[in-house]
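1. With the input below, show me the fold.
(chains A and B)
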Amino acid sequence: MCGIAGLIHRGKSSNVGEELQHMLQALKHRGPDSTGYALYADNDGQNFILRFKVGENVGEGSTSVNEDESVYNERKKAVDKKLSELGALVVKEEKLTPYSYRYEIKFDKDLMDFSKTIESIQSVEILSIGKSLELIKDLGDATVVSERYGLSKVQGTHGIGHARMATESGVDIKSAHPFWGYPFADVSVVHNGQLTNYWNNRRVLENKGMRFMSECDSELIAVFLAERMRKGATLEEGMKESLTGLDGVFTYFVATKDSLGMAKDTMAAKPLVLYESDDLVAMGSEEIAIRSILPQEIDTYDPFDGEVKVWQT
Amino acid sequence: MANLKTAEKKTKAQSMGMHTETLTGKTQQKFFNPDEAENFFYWGTYDVDFNKRTDLDVKDLDCKQANGKIDELMSQGYGTIVIKNPQGKHSLGVGVLNKLNLIFEGSLGYFGVGSIDGPIVRVNGRVGWSCAENMMAGKVVIEKNAGSCFGAAIRGGDLICKGSVGARTGIDQKGGTIIIGGDAGAFTGFMMQRGRIVILGDVGINLGDSMYDGTIYVGGKIGSFGSDAVESPMTKDDIDWLKRKLKVAEIGENFDVSKMTKVVAGKKLWNYDALEPTEKKGAI
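-> Sure thing, here's the model as predicted:
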């Protein structure tokens, strides 16, 4: 079933890492397999934040394998070499786990070419690129992942997150949400539901040059939106097109560096509870997610079928 | 009624109207014995005094603990119970099978007050998905909004939401009345079989889709009709009933019910009629 949560502070920053951790932990019963965060942090905006993995954390049903750390280290060296060839300057690098890294880089060329080059290295996947996006996903519940990656102190304006119950593909990082909206900087997506025209859409989008890294149906939403945006559509236009372009049941959130959006399928088959005030929008699969950060009595509601909403910071 | 002390087992059960055929299921054989007097009463029901009132703070309780406390208070005769700090927790107040005034000072999560048979419930907040699912009797009033599947499969009673509700309100409804003060989402009255739904505001697409029977009244705009749902003329009886019902529900004061749209099933299904099983017996 999966649980999704998102929040956006309008006109100010807050401790979004900790807030999203509480919201996702409250939804743990909806998805205990893996947890992912897309946090829009108060970075200086000068450099790109590149988060990538050079191996997998393998759980039940995964087609990937755990490998020796020395293999990961070799791949990391290969990434460094490619970055140098691409003309990207690494300003800062952090090893977060044996298989994942966070780099700050200076780069001013095409991100699609950049991504294709880096991901041409076997088993290397870019989790996200952006000036403010910090995309983290791994196996375990919200607290486990937050503690592993030190997320509780992340300050920012907004974020989306996902507690995953694996149904369409195995338990591993590549199938975990959020998905980066490749090749657009700072775009991320989380989804609750099942998409039934995944393969049809995937074939069409791959023929148009879009890339898929997993066999998780939810990744289609990120790729679908990215393809529409590449053609010049706004985020909201792309989301509205997705209501007819995607078949199945879904509620999804999408975030960019300065906005947060939600879309609900035309049958309203997947839950969403929404709280909206002048300075904060918080939403989640269940009200208890919102209550975890707003325990006082508040007015919430369920968006209707086929509804698309976008909020700015 | 047959003499319970002398009649055969099968006759005893039939005489009490509890079933009319030999029980063969393992579960029924295990748990139902017509010789045992307690089988003739609802298990888990209590005689309560409405004037005996208490508060229950569920802030630090999970739903099982909270429902256990409610049960314990009813067993002590409390007839008015005020629940403090429900904070969106799921499945609170379920399975109450006797008369009770149950008041929630805050919002409920999913499956609130499901499978109830008799209590009067007021929620001073919002409710999540599937509120009052399988309700058999009683009255439930929600002061704010409600999620999807509001009143799913209810058999009886009055279920009132003063705000707006999500999709599939009254799905599989088998009786009773659902009244919505605001708007309702898609598939309202989906597969409903009996009972009435009243929506004062707008309603989404596929209204009354695949409905067998029952009646839906809509005060605002209709997104679209579902398969098998058709408009029917409003009668004086409809108007009188609506006026009376809205007054009792304390909702829609001064609302002109005569301008509402009445929606019914447009297709007669094979081997199905609107008679209750007991009415069928009378007809035979």
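
2. so what's B:Trp129 up against?
-> By CB atoms under 8 Å, 6 or more residues apart in numbering or on different chains, B:Trp129 lies in contact with A:Pro271, B:Tyr110, B:Phe111, B:Gly147, B:Ser148, B:Cys149, B:Gly166. In short, each C-beta sits where N, CA and C put it, glycine included.

3. Identify the spatial nearest neighbour of it, chain neighbours not counted.
-> Leaving out its chain neighbours, the residue that sits closest to B:Trp129 by CB to CB, 6 or more residues apart in numbering or on different chains is B:Gly147, at 4.2 Å.

4. so what's the one you found up against?
-> Applying CB under 8 Å, 6+ apart, the residues contacting B:Gly147 are A:Pro271, A:Val273, A:Asp302, B:Tyr110, B:Arg126, B:Val127, B:Gly128, B:Trp129, B:Ser130, B:Cys131, B:Val165, B:Gly166.

5. Next: B:Ile160.
-> Applying CB under 8 Å, 6+ apart, we find B:Ile160 in contact with B:Lys139, B:Val140, B:Val141, B:Ile142, B:Ile178, B:Ile179, B:Ile180, B:Gly181, B:Ala249, B:Ile251.

6. ok, the fourth one - how many residues close by?
-> When neighbours are counted by other CB atoms under 10 Å in any protein chain shown, B:Ile142 registers 29.

7. What sits closest to it if chain neighbours are left out?
-> Once flanking residues are discounted, B:Ile142 sits nearest to B:Cys161: 4.3 Å by CB to CB, 6+ apart.

8. So the one you found versus chain A, what's the distance?
-> B:Cys161 sits 11 Å away from chain A, going by CB to the nearest CB, to the nearest Å.

9. In which helix or strand does A:Pro84 reside?
-> Let me fix one detail, which is that residue A:84 is Ser and not Pro. Element membership for A:Ser84 (DSSP states H and E) is helix A:69-86.

10. Name the strands paired with the following helix or strand past that helix and say parallel or antiparallel.
-> Using DSSP H and E, the helix or strand that follows helix A:69-86 in sequence is strand A:89-97. Note on strand A:89-97: by DSSP bridges, its sheet partners are strand A:100-106 (antiparallel).

11. Can you check what angle separates the following helix or strand past the partner strand from strand A:100-106?
-> For strand A:100-106, the following helix or strand on the C-terminal side (DSSP H and E) is helix A:111-119. In terms of direction (axes from the mean of the first three to the mean of the last three CA atoms, to 10 degrees), helix A:111-119 departs from strand A:100-106 by 140 degrees.

12. for the next helix or strand after helix A:111-119, packing partners?
-> Counting by DSSP H and E, the next helix or strand C-terminal to helix A:111-119 is strand A:125-130. Applying 3 or more CB pairs under 8 Å, 6 or more residues apart in numbering or on different chains; DSSP states H and E, one finds that strand A:125-130 contacts strand A:48-53, helix A:111-119, strand A:133-139, strand A:179-180.

13. mind redoing it with 10 Å?
-> strand A:34-41, strand A:48-53, strand A:100-106, helix A:111-119, strand A:133-139, strand A:179-180, strand A:188-195 (3 or more CB pairs under 10 Å, 6 or more residues apart in numbering or on different chains; DSSP states H and E).

14. ok, how many other residues are close to the closest residue in space to A:Met165 that isn't next to it in sequence?
-> Leaving aside its chain neighbours, A:Met165 sits nearest to A:Gly31 (4.1 Å; criterion: CB to CB, 6+ apart). By the criterion of other CB under 10 Å, A:Gly31 has 26 neighbours.

15. ok, now the one 3 residues further on?
-> The number of residues packed around A:Ser34, counting by other CB under 10 Å, is 26.

16. ok now do it, which residues does it touch?
-> A:2, A:57, A:59, A:137-141, A:144-145, A:162-166, A:171-173, A:175-177 (CB atoms under 10 Å, 6 or more residues apart in numbering or on different chains).

17. can you rerun that using 7 Å?
-> Contacts of A:Ser34 were listed using CB atoms under 7 Å, 6 or more residues apart in numbering or on different chains, and they are A:Lys137, A:Asp138, A:Leu139, A:Gly140, A:Arg164, A:Val171, A:Ala176.

18. try B:Val48
-> For B:Val48, the contacting residues are B:Met74, B:Gly77, B:Tyr78, B:Gly79, B:Asn98, B:Lys99, B:Leu100, by CB under 7 Å, 6+ apart.

19. what's the burial count for residue 186?
-> Picked chain A for this. A:Asp186, neighbours per other CB under 10 Å, totals 22.

20. that's the wrong chain, I wanted chain B
-> Count around B:Ala186 with other CB under 10 Å applied: 27.

21. same deal with B:Ile197?
-> When neighbours are counted by other CB under 10 Å, B:Ile197 registers 29.

22. what's it sitting at in phi/psi?
-> Dihedral pair for B:Ile197: phi -120, psi 130, per degrees, to the nearest 10.

23. give me phi/psi at A:Glu56?
-> Phi and psi for A:Glu56, reported as degrees, to the nearest 10, are phi -120, psi 160.

24. Run a quick check on it versus A:Ser64, I expect a contact.
-> Yes - with contacts counted by CB atoms under 7 Å, A:Glu56 reaches A:Ser64, the gap being 3.9 Å.

25. Neighbour count: those two, which is higher?
-> Neighbours per residue, other CB under 10 Å: of A:Glu56 and A:Ser64, the larger number sits with A:Glu56, 22 against 17.

26. who's in contact with that one?
-> Neighbouring residues of A:Glu56 by CB under 7 Å, 6+ apart: A:Ser62, A:Ser64, A:Asn66, A:Tyr99, A:Asp172, A:Ile173, A:Lys174.

27. Now the fourth one: closest residue in space, sequence neighbours ignored.
-> Take A:Tyr99 and drop its neighbours on the chain: the residue closest to it by CB to CB, 6+ apart is A:Gly55, 3.7 Å away.

28. Show the buried residues in the contacts of A:Glu56.
-> Taking 16 or more other CB atoms under 10 Å in any protein chain shown as the criterion, what is buried in those is A:Ser62, A:Ser64, A:Tyr99, A:Asp172, A:Ile173, A:Lys174.
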